[in-house]
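Engineer: next input, structure requested:
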Amino acid sequence: CEQVIQHLNHKISGVYTVELCQRLQTSGIEINVGDLAKIANVISFLFSTAARNNLSTEELVTTLGNAVSTLPKHAVQVIQRLWNEQGKSITVSEDARNMATVGQFIDISWKLGVAMSSDTCRSLKYPYVTVTLKVADPSGQVTNKSFEMTIPQFKNFFRQFKEMAAVLETV
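Structural biologist: Numbering: from 1, shown residues only. Here you go, the predicted model:
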């Protein structure tokens with residue numbers, strides 16, 4: 001809940017579900033990353049909707065109680081406490097309300113490799129570039145997206161980045 005609120009307040013780029021899942025598992029809680037990501041998405045939706053509608057703590061708890069009867073009491077208490085303490089800090093601008101949701105770029109890494117051989121070809125010597133993008137989706141879940149490019153594809157990729165940089169220089 002705290003990471004979701006920090007994400008909604010733009011203090012962190014996203015909810016680091018893999019790291020959070022490892023911490024929970026270390027403390028003896030059995031959960032997988034996929035289920036934790038779903039929980040983070042639900043909490044993000046809950047808090048952003050409550051902020052958008054300017055709900056008080058009482059209104060949020062009542063609405064939550066009416067909508068979800070299977071939520072454990074201690075979970076409702078955590079949501080209530082955090083919303084009471086930090087809920088008013090979540091600001092939803094009018095632009096954010098009307099804007100389509102897109103992910104947020106966090107980091108990029110790359111490596112150059114050479115495929116030496118395969119089961120069908122003994123001598124490939126084929127160079128390639130592997131790029132990994134770290135992005136946060138609109139709900140705040142951070143994921144890595146990796147892809148490989150041939151050298152001509154990488155040169156085209158680089159050319160497009162140079163074009164973007166040139167356009168940004170004119171702004």
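Engineer: can you map out the strands along the protein?
Structural biologist: Ranges of strands in the chain, per DSSP state E, are 104-115, 126-136, 142-150.
Engineer: mean confidence score for the first one?
Structural biologist: I take that to be strand 104-115. Average pLDDT, strand 104-115: 87.
Engineer: same question, stretch 12-31
Structural biologist: For stretch 12-31, mean pLDDT rounds to 88.
Engineer: lowest-confidence helix or strand of the chain?
Structural biologist: The helix or strand of the chain with the poorest confidence is helix 94-98; it has a mean of 44 (mean pLDDT, DSSP states H and E).
Engineer: isn't residue 124 up against residue 113?
Structural biologist: No. Counting by CB atoms under 8 Å, residue 124 sits too far from residue 113 to count as a contact (11.2 Å). For the C-beta atoms, the positions are set from N, CA and C on the backbone; glycine is no exception.
Engineer: show me the domain layout of this structure.
Structural biologist: 1-100, 104-169 (the TED database).
Engineer: by mean pLDDT, show me the worst of these.
Structural biologist: Here these differ in mean pLDDT, and the lowest is domain 1-100 at a mean of 81.
Engineer: pull the number of nearby residues for residue 4.
Structural biologist: Under the neighbour criterion other CB atoms under 10 Å, residue 4 is assigned a count of 25.
Engineer: and the gap between residue 29 and residue 9?
Structural biologist: Using CB to CB, to the nearest Å, residue 29 is found at 26 Å from residue 9.
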